[in-house]
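*Asks:* I would like the atomic coordinates for the input below:
(one chain, ligands or ions: 1)
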Amino acid sequence: MKNRTLLLLFIFISINAFSQKFEGLAETPPMGWNSWNTFATDINEELVKDIADKFVELGLKDAGYEYIVLDDGWMSMERDENGDLVPDPVKFPSGMKALADYVHSKGLKFGLYNDAGTKTCAGYPGSRGYEYQDAKKYAEWGVDFLKYDWCNTGKQNAEASYITMRDALYKAGRPVVLSICEWGDNEPWTWAEDIGHMWRVTGDIINCWDCEVGHGTWSSWGIWPIINMRGNIRKAAGPGHWNDYDMMEVGNGLTDAEDRTHFAMWSMLTSPLIMGNDLRAASKETVKTLSNKEVIAVNQDKLGIQALRFSNEGDFEIWVKPLADGEWAMAFVNMAEEPKNLDFDWNKHQIGDDLNNRRLDVKNNTFQIRDLYNHTEIGNTGNNLKATIGSHDVLMVRLKN
Ligand code: GLA
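*Replies:* Numbering: from 1, shown residues only. So this is what the prediction gives:
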């Protein structure tokens, strides 16, 4: 009897020892670059090396960007005779281990993409039935991040499928950020906290301010449709588990003002900051936006509280985000097609975050106001905040003690 109890206890402990995600990763939203938005499946090892070099050269590594992730299209169409995934030999002649080594040699981290179904969205081999084998391969290659998609999954249960991959990665033993990508279809914000480190909340992003582009059975979405698509999911975000508003389109054809707003909003929403542009061809303005350390600091704030919409009356969308040490970030976005004047009277607004029980108390405290794009102090909460904000541009501020 005693032996049986011990045996059961042993089995229980063994199962649970591998049934968890890697903790301590993504304590703040992951920052990096992903190939899909610009290159789709047209990727290769030179591109990855160039991007790694650009991370360093352009100051992006210094600003906090870390992961370089190859999306769909890195594999050969067939597994090998052992059932292993094979990198496309033309695109990646040196193999994935060598490429991961190169990325690591720059002090950066390396990510790959696969899919929970039988095939990826672009038709390459999916991980269904090969989860443990694939996870072992990723560990051998030195993979630090896995984006795990949801095409060709038939009647698979999403939660169970992502748990399988989580456990497979854990068993393989190399810490990997698990990026869940099922487009919010199964509401991962209600079940994925202990499974992945981030989960997409919508279908694919596209480089427009406010549009939907149909592709038959699915649509791509502009910046504002993505921000507005889900109801109140902010409570699901926090250290180690983030709502992912998709790879960014900064530098991909929006105006500079729209890029600033897009970047400000992804930072406010504690979304992972995953660049999606061609860094080899990025303009000065694009790099300036993407590497704005004061905006990034809002995204990376250690409390990890996702912003809430304070109001969207008139021409301005106003978002607020509690930060550590009683400070706050705010974004005033001009949604109009022409410049607008903001005149914000602090005493007439009760700003608070009920979910986290925080109030912005401007009666008993005076906060200094820092403009995070112009890097200047612009007064304090004792006076109205006045500014002219260009069309689709943002005034992003930090209220400092
Ligand atoms: C899905 C994902 C995209 C991208 C493609 C690759 O559409 O949502 O982000 O990974 O698949 O095929």
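*Asks:* Could you use CA atoms for every contact and neighbour count after this?
*Replies:* Fine.
*Asks:* mind checking how far the residue nearest to Met247 when sequence neighbours are not counted is from the ligand?
*Replies:* Leaving aside its sequence neighbours, Met247 sits nearest to Ile274 (CA to CA, 6 or more residues apart in numbering; 4.9 Å). Ile274 sits 11 Å away from the ligand, going by CA to the nearest ligand atom, to the nearest Å.
*Asks:* And for Thr388?
*Replies:* 36 Å.
*Asks:* Kindly report the same for Leu108.
*Replies:* Applying CA to the nearest ligand atom to Leu108 and the ligand gives a distance of 21 Å.
*Asks:* Can you name the residues that contact that residue?
*Replies:* Applying CA atoms under 8 Å, 6 or more residues apart in numbering, we find Leu108 in contact with 52, 61, 66-68.
*Asks:* In three-state terms, how would Lys147 be classified?
*Replies:* Here Lys147 is strand, with the state taken from DSSP: H, G, I helix; E, B strand; the rest coil.
*Asks:* What's the local residue count around the residue in the chain positioned nearest to the ligand?
*Replies:* In the chain, the residue that lies nearest the ligand is Cys121 (4.1 Å; CA to the nearest ligand atom). A count of nearby residues for Cys121, using other CA atoms under 10 Å, gives 17.
*Asks:* got it, and Glu46?
*Replies:* Counted with other CA under 10 Å, the neighbours of Glu46 add up to 12.
*Asks:* And it, how far from Asp101?
*Replies:* 14 Å (CA to CA, to the nearest Å).
*Asks:* CA atoms of stretch 351-363 as PDB?
*Replies:* The C-alpha trace of stretch 351-363 is given here as PDB (Å, rounded to 0.1, in the frame of the first residue of the first chain):
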ATOM      1  CA  ILE A 351      -8.900  60.000 -13.700                       C
ATOM      2  CA  GLY A 352      -8.700  56.600 -12.200                       C
ATOM      3  CA  ASP A 353      -8.300  52.900 -12.700                       C
ATOM      4  CA  ASP A 354     -10.900  51.000 -10.800                       C
ATOM      5  CA  LEU A 355      -9.400  47.600 -11.700                       C
ATOM      6  CA  ASN A 356      -6.200  48.500 -10.000                       C
ATOM      7  CA  ASN A 357      -7.700  50.800  -7.500                       C
ATOM      8  CA  ARG A 358      -5.600  53.800  -8.500                       C
ATOM      9  CA  ARG A 359      -6.600  57.500  -8.600                       C
ATOM     10  CA  LEU A 360      -4.800  60.400 -10.200                       C
ATOM     11  CA  ASP A 361      -5.100  62.800  -7.400                       C
ATOM     12  CA  VAL A 362      -4.300  66.300  -8.800                       C
ATOM     13  CA  LYS A 363      -5.900  68.100  -5.900                       C
END
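*Asks:* which outside residues touch it?
*Replies:* Residues contacting stretch 351-363 (CA under 8 Å, 6+ apart): 235, 308, 310, 320, 322, 328, 346-347, 350, 381-382.
*Asks:* need the helices for the stretch 51-200 of the chain, in chain order.
*Replies:* 60-63, 95-105, 131-141, 158-172 (DSSP state H, counting those that start in this stretch).
*Asks:* May I see these arranged in TSV, with distance to Thr5 and mean neighbour count as well?
*Replies:* What follows is the helices of the stretch 51-200 of the chain, written out as TSV (distance: least, CA to CA, whole Å; neighbours: other CA atoms under 10 Å):
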stretch	distance to Thr5	mean neighbour count
helix 60-63	52	18
helix 95-105	44	18
helix 131-141	29	20
helix 158-172	25	21
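*Asks:* These into CSV, with extra columns for distance to Leu112 and mean pLDDT?
*Replies:* Output for the helices of the stretch 51-200 of the chain, formatted as CSV (distance: least, CA to CA, whole Å; pLDDT from 0 to 100):
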stretch, distance to Leu112, mean pLDDT
helix 60-63, 19, 98
helix 95-105, 10, 98
helix 131-141, 8, 98
helix 158-172, 13, 98
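*Asks:* can you list those in TSV and add distance to Asp354?
*Replies:* Listed next are the helices of the stretch 51-200 of the chain as TSV, based on distance: least, CA to CA, whole Å:
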stretch	distance to Asp354
helix 60-63	32
helix 95-105	42
helix 131-141	41
helix 158-172	30
